[in-house]
Every structure is written in structure tokens, then in C-alpha cells.
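**Q** could you work out the structure for the sequence below:
(chains A and B)
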Amino acid sequence: MPTQETDHISYQRSFYVEGGNFNYAGTVSTSIKSILKQMDLPNDVVRKSALVSYESEINIVSYARKGVIKLSIYSDIIQIEAIDEGPGIPNIELAMQEGYSTATQQIREMGFGAGMGLYNIKSFSDKFDISSEVGKGTYLKMIINKFSSR
Amino acid sequence: MKLREVKEILNAEVIVGEDKLDMEVKTAFGADLMSDVLAFAKAGSILLTGLTNDQVIRTADILDIAAIVLVRGKKANTETISLAKDLKIPIMTTKYILFETAGRLYAKGMVGCVEKVDNANARN
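**A** Numbers count the residues shown, from 1 in each chain, chains lettered A, B, ... in the order given. As a prediction, the model looks like this:
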């Protein structure tokens, strides 16, 4: 599989995400989906990309002060990065577990916070990286293959 | 079955998408937890839910959900309705509870978009 270092980039755009503003939660991912839809990609590739972006966006709104979602399109892959300034994740292994959550009531009322977010992101990405520093923030990198059929 | 039949079976009121009632739908998913909808619902399914906020509409858009059926007589607020209009996602509301809504559709031939969850095939 080509990596972002060697592959040609054809499109790149960053979207600002405001922490704590639930009114706009999901707007970035709706935009990302509509951008991808215009690129003649397979439907399931668009869907998976939008889905991992959406879960990441909900995470930033729910937990971080602010963040950026960066969409980069290469010839064979779609890369979505979610970079936030926030509390960070003290125990990534625990956070990745299905059902583990530190969500507030407000997050749960939106239909999230059941401890599925990171788990879903990992399941739907073809390649997934996470790093986090407590007190600084969290970095997620999701890669979706353009022509894969899983 | 057509969305129109869904409407009739559930005695539902169409809130958005009166012009889309001829759309064919075969499968459904029911949940109030959007993370589970994201994990398991399939494109082209209808979503049965009691949650009525913007996230329901956005989740449906992300997943290419065909239509949303609000159960237990729930109504969405004006902003949520206008978001559904913008994203062209039909919404209807039924007074039936989630269990009855699912049962009545199932009895007429609609099936779940996944039958049961096991990690080998539920997520793709």
C-alpha cells in the first residue's frame, strides 16, 4: 500500500472544530462527505470515511477545547486526521475498549458516549493510529483505502 | 416495500419527504444510541428511533439511511426538521412504541439490516 510519504496528494483541507459546541457537532463530517461524494469514489469508501470523521468530530466536541480535522486525499487512500487540544487520554488501551466511556450526561443525551467511538473508528478504518498526551491533546490518524473491499 | 406502505402500516405522519414516498426500502435498524447506529446500520435502511436531535439527521446522512421513523409520537424541533430538508432525508413520526413499530413492519416483510451481532460480520 502506498504511504502518504511517497504518494501524490490530490486534495487537502483542514476544518476547525469547536469544543463543547454541540449545535455544530457533525457539520464538518457532513462537508467531508459531500466533498468525497463528488469525487466518484465507491459508496462504502465515502461512508466509512464520513463515519470515522463523524465519530472523531463528536469526540473533539465532547471532550476537547478545540481541534482540527484534516482531510487529505492521495491516489490510493483517504487520510483523515483529528488533532485536538484537550485533556488527552491517560490510558489509550482502556479508551479503545468497547463500552469504556467517560462521557457526560449531555453527550449521552445526543446519542453518544456509550464507549463505542474509538472502537468504531478503529473498526471502520483500514489503518488507524492514535497518540495522546495528558493535558495537551489527542491525535488520531485514520486511513481508508480507496479501492478496498473488506 | 415502499416508504408509503411504511407510512400506512405505522399510521405515521410525514414530517419531511412527502415527495419520496415511492422509495423502495427493504431493511431497518432501531436504536436510540447513535454510536450503535453508526456501528451496525446499513445504507438504504430505515432508522427507527426515539431520539430527535440533529445528531439523528447527521448520523442518517453519514450512513446513507433511506428514511427516519420517529417512534413513541416524537416530533423533531424546527431546526432539526430544516436540517433533514437540507440533507434530503425523509422523516415520519408514529405513535407506536419502538417494539410495536418494528413488529408491525416485520410482520409485513421488512427485516433487520443485520439479524444479530457477532463481530465477524456485523461491522463492515
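
**Q** got the phi and psi for residue A:145?
**A** Backbone geometry at residue A:145, expressed as degrees, to the nearest 10, gives phi -70, psi 140.

**Q** quick check: it touching residue A:76?
**A** Yes - here residue A:145 lies in contact with residue A:76, judged by CB atoms under 8 Å, at a distance of 6.7 Å. Placement of C-beta: from N, CA and C, glycine included.

**Q** low-confidence ranges in chain A?
**A** For chain A, the stretches with pLDDT under 70 are A:1-6, A:148-150.

**Q** whoops, I mixed them up, chain B
**A** For chain B, the stretches flagged by pLDDT under 70 are B:119-124.

**Q** which positions in it make contact with chain A?
**A** Applying CB under 8 Å from any CB of the partner chain, we find that chain B lies next to chain A at B:32-39, B:43, B:51, B:53-56, B:58-59, B:61-64, B:87, B:123-124.

**Q** hmm, which of those residues are the buried ones?
**A** Neighbour counting over the residues of chain B next to chain A (16 or more other CB atoms under 10 Å in any protein chain shown) leaves B:33-39, B:51, B:53-56, B:58-59, B:61-64, B:87, B:123 as the buried ones.

**Q** interface residues of chain A facing chain B?
**A** For chain A, the residues in contact with chain B (CB under 8 Å from any CB) are A:23, A:25-27, A:29-30, A:33, A:43-44, A:47, A:50-51, A:54-55, A:58, A:109-117, A:120, A:123-124, A:150.

**Q** of these, buried ones?
**A** For the residues of chain A next to chain B, buried by 16+ other CB under 10 Å: A:25-27, A:29-30, A:33, A:44, A:47, A:50-51, A:54-55, A:58, A:110-117, A:120, A:123-124.

**Q** show me the residues you listed that map onto helices.
**A** If you go by DSSP state H, these have A:27, A:29-30, A:33, A:44, A:47, A:50-51, A:54-55, A:58, A:117, A:120, A:123-124 in helices.

**Q** go through the residues you listed and name the one nearest residue A:85.
**A** Lowest distance from residue A:85 to these (CB to CB) belongs to residue A:58, with 16.6 Å.

**Q** that closest one contacts residue A:26, correct?
**A** Yes - judged on CB under 8 Å, residue A:58 makes contact with residue A:26 at a distance of 7.2 Å.
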